[in-house]
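Sequence and predicted structure below; questions after.
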Amino acid sequence: MNWKLIFQLSLFGLAMAIATVFWIPSTIEPAFWLVIFIFCAYTIAKRTHGQYFLHGFMVSIINSVWITAAHFILYDKYVPNHPEEMEMFSKLGTSVDPRMMMLLMGPLFGVVFGLILGLFSFVAGKLVKKPAAPQA
């Protein structure tokens with residue numbers, strides 16, 4: 001496992017966590033994630049030699065930590081820009097505080113999106129040609 005690469009790619013999650021709090025509305029957020037997932041899958045395929053799915057999965061797991069932490073810490077700034085998410089929490093009919101719900105749901109989203117990025121990475125690993133090893 002290339003943990004350095006996983007950590008480096010997870011920094012897109014940190015950037016998106018902050019960007020979604022202040023600038024990126026949830027209506028266009030999926031387009032940003034699609035570009036990030038494609039870039040991450042390509043990079044994983046180019047810079048690793050196997051375990052593509054696991055690399056992609058772990059990037060999303062770490063992303064979920066960044067995103068959950070940022071949205072939890074910046075909750076008062078996040079809520080005014082994301083009324084759809086707050087409405088979704090209220091429709092769950094639970095008395096759990098939305099901040100706590102974020103902490104509970106963050107890892108679940110990490111696993112779901114980890115499966116998606118893992119699949120992207122697996123497919124990219126099959127499609128992307130690696131540079132030839134230098135001849136001695």
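Thanks, I have the structure now.

tell me what the single longest helix found in the chain is packed against?
For the chain, the helix reaching the highest residue count under DSSP state H is reported as helix 98-127. Packed against helix 98-127 by the contact rule (3 or more CB pairs under 8 Å, 6 or more residues apart in numbering; DSSP states H and E) you find helix 29-47, helix 52-73, helix 75-81, helix 83-91. Heads up, the C-betas are built off the backbone N, CA and C, glycines and all.

residues contacting the nearest residue to Ser121 once chain neighbours are set aside?
Ranked by CB to CB, 6 or more residues apart in numbering and with sequence neighbours excluded, the top spatial neighbour of Ser121 is Gly56, at 3.2 Å. If you count contacts by CB atoms under 8 Å, 6 or more residues apart in numbering, Gly56 has them with 40-41, 44, 114, 117-122.

next one: Ala15
Listed by CB under 8 Å, 6+ apart, the contact set of Ala15 is empty.

Enumerate the positions of the helix or strand containing it that are buried.
Under the criterion of DSSP states H and E, Ala15 resides in helix 3-22. Along helix 3-22, the positions that meet the burial threshold by neighbour count (16 or more other CB atoms under 10 Å) are 5-6, 9-10, 12-14, 16-18, 20-21.

still on that earlier bit, name the nearest of the contacts of Gly56 relative to Leu108.
Gly114 (10.3 Å; CB to CB).

And for the closest one, the neighbour number?
Gly114: 22 surrounding residues under other CB atoms under 10 Å.

And for Phe39?
Neighbour count of Phe39, defined by other CB under 10 Å: 13.
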